[in-house]
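this one's structure only:
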């Protein structure tokens, strides 16, 4: 029952526009916020609010990073006791209650969820469920525009709900809010979520505006998205518009190294949902007809050690095998055992290996401590690096997706680069860091 006093006012939930900062404010909320700051309502609106995109309502102003204007320099809420309903209902937003994974993911952000504070007399399970239900009902009234129309604060909306309970009125049978994220799969530490897209690139056609984004998550790495792909019921999977900047960077690396050989192979280590292999196949098929840079790629080998992850790739992310002109082959094997010095001769359809792309997930939680999170050291040091160098063609390339902690990011990235460099032991190979992808 930490909701009563467990909020630490840490401000971490105040750096995202949706849904709190984008919520239209009721006049009563504007008055309360202005009074808390010692300002007139008009001065408050001029300094801390902006016009919403819908209906001309006022909403809290945020900067270009999504940081709420009401946060102090120390990152604390300056009006915590007067905060509006959208903030008070957090973290009981429907999307955070979609599954145990969603709640655990939000706990990475929210100090209150992890708070050790306990009330003197812990409430029963029924009481806990009732409090959560009440907060969800307030959130539904807010999203439905009732709070703004009735000019209610969070406390007044809660009083209304309690009065309905006392009267046992059917008004409480409100339709549940559609969760922005759906849980398509949750088992054995693997989670597949589906999120409705809100802001698409301007060049997207209107028919794609109702699409969704599917994402793969590991419970062992809460807060880290492993794979994302756009999906539309009519148009299928969109492997042209890659969601991860690092995947686009991988394609650029392959594009730069593409040579004139009749048959090139690209090996992707860490298949995940298969988004990167499928994007490579699509680019190669396109360039065969246009004499583009990917035209010589004939084989794409995707190595994934977890058969369950590979199955999710096929079931939810459009991962496919085969192809007459550009073949995609899935290998279920630990990449440490697959990559050997004789790989280019031992793999039956490896052909002339142009690139090895190391996209291996880490096993660590997303941490604020200084460390390299992914890939593990086995893929950055010693035998693996030397085996990969021996396997690719002389003008080939090996690329790593290196995930490091935000604390000391440059230092830990440089550490990873130096480890790879020391293991290369080949004067013809140089190690270059591209930094953070866009």
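Now that the structure is in, tell me what you want to look at. Note that this is a predicted model, so its numbers are computed, not measured.

Run a quick neighbour tally on the nearest residue to residue 10 once chain neighbours are set aside.
Counting by C-beta to C-beta, 6 or more residues apart in numbering, residue 111 is the residue found nearest to residue 10 once chain neighbours are left out, at 4.5 Å. C-beta here means a position set from N, CA and C on the backbone, and glycine is covered the same way. A count of neighbours around residue 111, defined by other C-beta atoms under 10 Å, yields 15.

Could I get the buried residue list for stretch 404-424?
For stretch 404-424, burial by neighbour count (16 or more other C-beta atoms under 10 Å) applies to 404-405, 412-413, 415-417, 419-420, 423-424.

Mind giving me the packing neighbours of the lengthiest helix in the chain?
Across the chain, the longest stretch assigned as helix under DSSP state H is helix 125-143. Under the contact definition 3 or more C-beta pairs under 8 Å, 6 or more residues apart in numbering; DSSP states H and E, helix 125-143 sits against helix 85-88, helix 146-150, helix 154-167.

now with 6 Å?
Helices and strands in packing contact with helix 125-143 are listed as helix 154-167; criterion 3 or more C-beta pairs under 6 Å, 6 or more residues apart in numbering; DSSP states H and E.

Below-threshold pLDDT in the stretch 51-200 of the chain: ranges please.
Low-confidence segments of the stretch 51-200 of the chain, defined by pLDDT under 70: 52-56, 99, 114-129, 168-180, 198-200.

let me fix that: the stretch 251-400 of the chain
Low-confidence segments of the stretch 251-400 of the chain, defined by pLDDT under 70, are located at 259-262, 341-351, 362-370.

in the sheet, who's paired with the residue nearest the centre of the chain?
By C-alpha atoms, centre = their mean, the mean C-alpha position of the chain lies nearest to residue 225, the distance being 4.4 Å. For residue 225, the beta-bridge assignment (DSSP bridges) gives partners residue 217.

Out of the buried residues of stretch 404-424, which comes closest to residue 84?
When those are compared for distance to residue 84 (C-beta to C-beta), residue 405 wins out at 33.7 Å.

Between the two ends of stretch 138-158, what distance do you get?
Looking at stretch 138-158, the gap from its leading to its trailing residue is 7 Å under the measure C-alpha to C-alpha, to the nearest Å.

what about it, distance to the chain center?
Here the centre of mass of C-alpha atoms in stretch 138-158, compared against the chain's by C-alpha atoms, centre = their mean, to the nearest Å, lies 30 Å away.

Can you give the distance of the longest helix of the chain from its chain's centre?
How far helix 125-143 lies from its chain's middle: 27 Å, per C-alpha atoms, centre = their mean.
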